[in-house]
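Need coordinates for the following:
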Amino acid sequence: GVCNTDVELSRGYKGFEGTMGHEFVGIVDKICPSANGPPHVKEGDRVVSEINLVKDGSGCRCYHERAQHPERAALGIVNADGCFAEYVISPIINLHLVPPSLSDDQAMFAEPLAAACQILQQYHFRHDDDAAVVGTGKLGIMIAQAIAS
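Numbers count the residues shown, from 1 in each chain. From the prediction side, this is the model:
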């Protein structure tokens, strides 16, 4: 998927250099032999990935560092090439299997839905609280739905 962050990065936001894209569904091509992670993820599986990358402690280079923010990486946003590249490198612990019942178009919403749901962890809404969400893009709509739930 393409979100507004991709559009802004393409316009030079935060001096991004690299390949954009962080909302995706992919097929696992290869797993680093020493990768630590869920044993249920294997080559050939259809997955989505969390975008915030961490070193998994296995010695595998799960992302490459760039000088701008060497302590942090997010697929297609900060210090790591995204899904518009031919291949994406992601720690296995970031991968989640996509159920066969979901289409790629549906599964692609995993990342923005996770971002919307994170709002509920940051702010503890009560059933009688009022909230305003500014923005009518897919993330804004998902945030409104998460708050309303």
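
Counting neighbours, what do you get for residue 113?
Residue 113 has 16 neighbours, counted by other C-beta atoms under 10 Å. The way it works is simple: take the backbone N, C-alpha and C, and place the C-beta from them, glycine included.

no wait, residue 41
Residue 41 has 17 neighbours, counted by other C-beta under 10 Å.

Please, which helix or strand holds the closest residue in space to residue 16 that isn't next to it in sequence?
Leaving aside its sequence neighbours, residue 16 sits nearest to residue 9 (C-beta to C-beta, 6 or more residues apart in numbering; 4.3 Å). Residue 9 belongs to helix 4-10 when assigned by DSSP states H and E.

Name the residues of that helix that are buried.
If you call a residue buried by 16 or more other C-beta atoms under 10 Å, then helix 4-10 has these buried ones: 5-6, 9.

And the residue nearest to residue 16, what's its pLDDT?
We have a pLDDT of 80 for residue 9.

Now do the one residue sitting closest to the centre of the chain, the pLDDT please.
Closest to where the C-alpha atoms of the chain average out (C-alpha atoms, centre = their mean) is residue 51, at 3.0 Å. Residue 51 is assigned 79 on the pLDDT scale.

Please apply the same query to the one 10 residues further on.
The per-residue pLDDT reported for residue 61 equals 48.

related to what we said a few turns ago, can you get me the centre-to-centre distance for the helix or strand following the helix holding residue 9 and its chain?
Counting by DSSP H and E, the next helix or strand C-terminal to helix 4-10 is strand 26-27. Distance, stretch centre to chain centre, for strand 26-27: 13 Å (C-alpha atoms, centre = their mean, to the nearest Å).

Okay, now the sheet partners of strand 26-27, with direction.
When pairs are called by DSSP bridges, strand 26-27 turns out to pair with strand 46-49 (antiparallel).

Identify the residues contacting the partner strand?
Applying C-beta atoms under 8 Å, 6 or more residues apart in numbering, the external contacts of strand 46-49 come out as 24-28, 41, 75, 88, 90, 94-98, 104, 107-108, 110-111.

Could you rerun that using 6 Å?
25, 27-28, 90, 94-98, 107, 110 (C-beta atoms under 6 Å, 6 or more residues apart in numbering).
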